[in-house]
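**Q** please work out how this folds:
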Amino acid sequence: MTSRRKNVRQRPHGPKKAPKDAPGWWRRPIVWIGTFLGTGLLAVATTVGANIGQEISPGSQRPATATQEGPPVAIESVGEIQPFQDYSYVIPGRLSLTPAQLGAMNAQINVSSSGYTAWFAHRDGVLANQGTISLTVRGNDTGSVTITDMEVVKHCQAPIARDASLFYSPTQGTGPFVTDQIGYDLDSQVAVGQFIPAIGTHLGSGGNYFTKRVVVLRAGEPQTFGIFVTTKQHYCRFTFRMHIATPSGNSVTEDISDHGRPFQLTFDGESGADPAHVPFSSYRAVYAGGAANEPRGGAFVLVNPATYKGYGDPETYPVRAA
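**A** Prediction:
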């Protein structure tokens, strides 16, 4: 694991750091690796080059052939959306955990990153602010195919907050991406995935990823992509639509989802360097953990939404009995 850099969002009244001998897994960055395989990535087949850049109409179909079955690009695996820098989740409705249940939850999520995400997934939890998705595809045509772009298809609305439970878990930041990423700002009108270089973690105007990194897949050739998504305004449900140029000159689209369902991401209200900007009082229940509760190893504790400010010892913000 790479070591964390100091978070650029300084909290002047933030909690003291946890002892170095017992760091929680949440302090270790989720940085993931996408490997570009094959020399074919450096050249575009002349038979498809003339088709790149043409408008591809959604839902177009590739004619069936006697030597190739299925779409020209096979989807090998799609990972669940994973936390990146922010480990906060929002669960619709009020989730009231007893002390015993909260203790069991903290024991489960502290084991591994998969245990952390699984606990929230089983309760319809929605990741907050930003995340990463791993996508692996394979060339499935008798000849070479070219991925020309991949756009996001999204449906966004106001963030999940009212009548919801916030598990607030900010972190101390992380290092840069290890590999180039396909970036999507879900608040932007730009639907095409943007190029994010490996040296940075910010989504700028990098241009169409697939014009920066030409991807040509021969028959059976795999390719893994890193996808970065973020929102600072909305709750979004979204999928991806990949555009492909085939050797026969056809343009094809393939949809990518979270195993048949849309991916989800919501904004928890955290913006700027001051965690007090988070509208804690709008949530029905708030649990503070991660870097917000470092003195106790990042364990989640229940806090009072009406008084909690996002810093200081969370146990000094007890929930008052009705």
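**Q** could you verify that Thr117 is part of a helix?
**A** Yes - Thr117 forms part of a helix when assessed by DSSP: H, G, I helix; E, B strand; the rest coil.
**Q** might one say that it is in contact with Glu80?
**A** Yes - counting by C-beta atoms under 8 Å, Thr117 sits close enough to Glu80 to count as a contact (6.4 Å). Just so you know, the C-beta spots here come from the backbone N, C-alpha and C atoms, and that holds for glycine as well.
**Q** please say which of these two ends up with more neighbours.
**A** In this view Thr117 and Glu80 are compared by other C-beta atoms under 10 Å, and Thr117 has more residues nearby, 21 against 15.
**Q** report the contact partners of that one.
**A** Residues counted as contacts of Thr117 (C-beta atoms under 8 Å, 6 or more residues apart in numbering) are Glu80, Gln82, Pro83.
**Q** Gly310 versus that one, what's the distance?
**A** 23 Å (C-beta to C-beta, to the nearest Å).
**Q** bridged to the spatially most central residue of the chain, which residues?
**A** Among the residues of the chain, the one closest to the centroid is Gly131, at 2.0 Å (C-alpha atoms, centre = their mean). Taking DSSP bridges as the rule, Gly131 bridges to Pro83, Val229.
**Q** report the contact partners of it.
**A** Ile81, Gln82, Pro83, Phe84, Phe228, Val229, Thr230, Leu265.
**Q** same question, Tyr168
**A** So Tyr168 contacts Ser88, Asp268, Val278, Phe280, Val286, Tyr287, Ala288, Gly289, Gly290, Ala292, Gly310 (C-beta under 8 Å, 6+ apart).
**Q** out of those, who's the most crowded?
**A** Ala288 (31 neighbours).
**Q** scan the protein for its longest strand.
**A** Assignment by DSSP state E gives strand 145-157 as the longest strand of the chain.
**Q** what pairs with the next helix or strand after it, parallel or antiparallel?
**A** Per DSSP states H and E, the first helix or strand lying C-terminal to strand 145-157 is strand 164-168. Applying DSSP bridges, strand 164-168 is found paired with strand 89-92 (antiparallel), strand 285-288 (parallel).
**Q** in a markdown table: these, plus mean pLDDT.
**A** Shown next, in a markdown table, are those (pLDDT from 0 to 100):
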| stretch | mean pLDDT |
| --- | --- |
| strand 89-92 | 96 |
| strand 285-288 | 96 |
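**Q** turn these into JSON lines, including distance to Gln194.
**A** Shown next, in JSON lines, are the strands paired with strand 164-168 (distance: least, C-beta to C-beta, whole Å):
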{"stretch": "strand 89-92", "distance to Gln194": "26"}
{"stretch": "strand 285-288", "distance to Gln194": "33"}
